[in-house]
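# Need coordinates for the following:
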Amino acid sequence: MQKKSIESSEERDADSEQAKGQGLFGAFRELPKDSVPKALLLALIISVVGGYLVTSSTVLLKPKYLANQERERQEYLLEIVKRQPGMQGLFETVEAEQVKAQVIDLETGQPLPAIDPQTFDQRRAAKDPDQSIEIPSSRDFANIKRREKFAKVYQVETGSELKMIILPVYGKGFTSTLYGYLGLAADTNTVIALNFYEQAETPGLGARVGDSQWLQQWQGKKIRDPVGNLRIGVARGSVLASSPAAAYEVDGISGATWTSRSVTDLLRFWLGDDGFGPYLETVRLKADS
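Here you go, the predicted structure:
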């Protein structure tokens, strides 16, 4: 008898909890459709569920997004390589042998074999106080505030002969940060190509830094003059073929003075002493030895 009484009590408690749940749901359903409490509760539920779905989607899709972003960067990298005379048709078959990635110390210009270039994240390093340094405003032409201590560079070789160097460059534009690759000939002073794989400048104006016709102007431009001064840049307007500056400058982008100046600044920063200057010097010394 006592056992049945206990079971009956438990059943009543369960029924009571179920009825309570049904009562709350039922009470919610009974509220008028234009009820303020009902509208607020619905909004809260939708916000919570929506936020969960968005967060979950972001987490789940992030690896795919990063992979697509890296693939896009590689496509621009390949485009630079293929512009090198004699490289067309070769790259697809001997990719690993031709393009050698390595991480270098930007201060000394020396390679760092202990760091795997495949796993090195240069952007993350630039944001990490332990892996970056602050750039004084007087020298921060690219307006990046901090610069990573190490960087990933690419050397394109056929056999043991160096054909091209590819450097990652970036800097603040007018409405975004410009990220690109600069391809240099083995002499470290002649531009083979410049490509920007990521930018969000003003459409129709600054965004023209991604136009192929404008980018083609860079091929063959010199970085420094005979006495070693950095001269590479974007002109204020058109560059006359007869002008001494024609060897170093490309036409400015009409209506995008700020973006044009930003390209000049970021290139001069990364090709100078605070950027890849020491590395390019080691390449020159190796070639002369």
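# When you work out contacts or count neighbours from here on, use the C-alpha atoms and nothing else.
Fine.
# can you give me the helices for the stretch 151-289 of the chain?
Along the stretch 151-289 of the chain, the stretches classed as helices by DSSP state H, counting those that start in this stretch are 212-216, 257-270, 277-288.
# how many degrees apart are the last one and helix 257-270 in direction?
When axes from the mean of the first three to the mean of the last three CA atoms, to 10 degrees is applied, the directions of helix 277-288 and helix 257-270 differ by 50 degrees.
# Now find how far off-centre helix 277-288 is within its chain.
Distance, stretch centre to chain centre, for helix 277-288: 26 Å (CA atoms, centre = their mean, to the nearest Å).
# Quick one: mean pLDDT over that helix.
Per-residue pLDDT over helix 277-288 has a mean of 93.
# coming back round to it: out of the helices of the stretch 151-289 of the chain, which gets nearest to Ala43?
Ala43 sits nearest to helix 257-270 of all the helices of the stretch 151-289 of the chain, at 43.4 Å, using CA to CA.
# quick one on the thing from earlier: for Ile104, which of the helices of the stretch 151-289 of the chain is the nearest?
Proximity to Ile104 (CA to CA) singles out helix 277-288 among those, at 7.7 Å.
# that older thread, mean neighbour count, the helices of the stretch 151-289 of the chain: which tops it?
helix 257-270 (a mean of 22; mean count of other CA atoms under 10 Å).
# thinking again about what came up before, now distance to Lys127 too, for the helices of the stretch 151-289 of the chain, in a markdown table please.
Listed next are the helices of the stretch 151-289 of the chain as a markdown table, based on distance: least, CA to CA, whole Å:
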| stretch | distance to Lys127 |
| --- | --- |
| helix 212-216 | 29 |
| helix 257-270 | 17 |
| helix 277-288 | 22 |
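# Go through those and name the closest to Glu148.
Among these, the nearest to Glu148 by CA to CA is helix 257-270 (11.7 Å).
# So which elements touch the closest one?
strand 161-172, strand 233-234 (3 or more CA pairs under 8 Å, 6 or more residues apart in numbering; DSSP states H and E).
# out of the ones you listed, nearest to Leu184?
Among the helices and strands packed on helix 257-270, the nearest to Leu184 by CA to CA is strand 161-172 (5.1 Å).
# residue boundaries of the strands in the stretch 101-250 of the chain?
All strands of the stretch 101-250 of the chain, identified by DSSP state E, counting those that start in this stretch, fall at 132-134, 146-148, 150-158, 161-172, 177-185, 191-198, 233-234, 249-250.
# Mean neighbour count, distance to Thr257 and mean pLDDT added to these, as CSV?
Converted to CSV, the strands of the stretch 101-250 of the chain look like this (neighbours: other CA atoms under 10 Å; distance: least, CA to CA, whole Å; pLDDT from 0 to 100):
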stretch, mean neighbour count, distance to Thr257, mean pLDDT
strand 132-134, 16, 27, 97
strand 146-148, 21, 25, 97
strand 150-158, 21, 29, 89
strand 161-172, 21, 14, 92
strand 177-185, 22, 15, 93
strand 191-198, 22, 17, 89
strand 233-234, 24, 9, 97
strand 249-250, 25, 13, 97
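# on that earlier part again, identify whichever of the helices of the stretch 151-289 of the chain lies nearest to Leu41.
Going by CA to CA, the one of the helices of the stretch 151-289 of the chain nearest Leu41 is helix 257-270, 48.3 Å.
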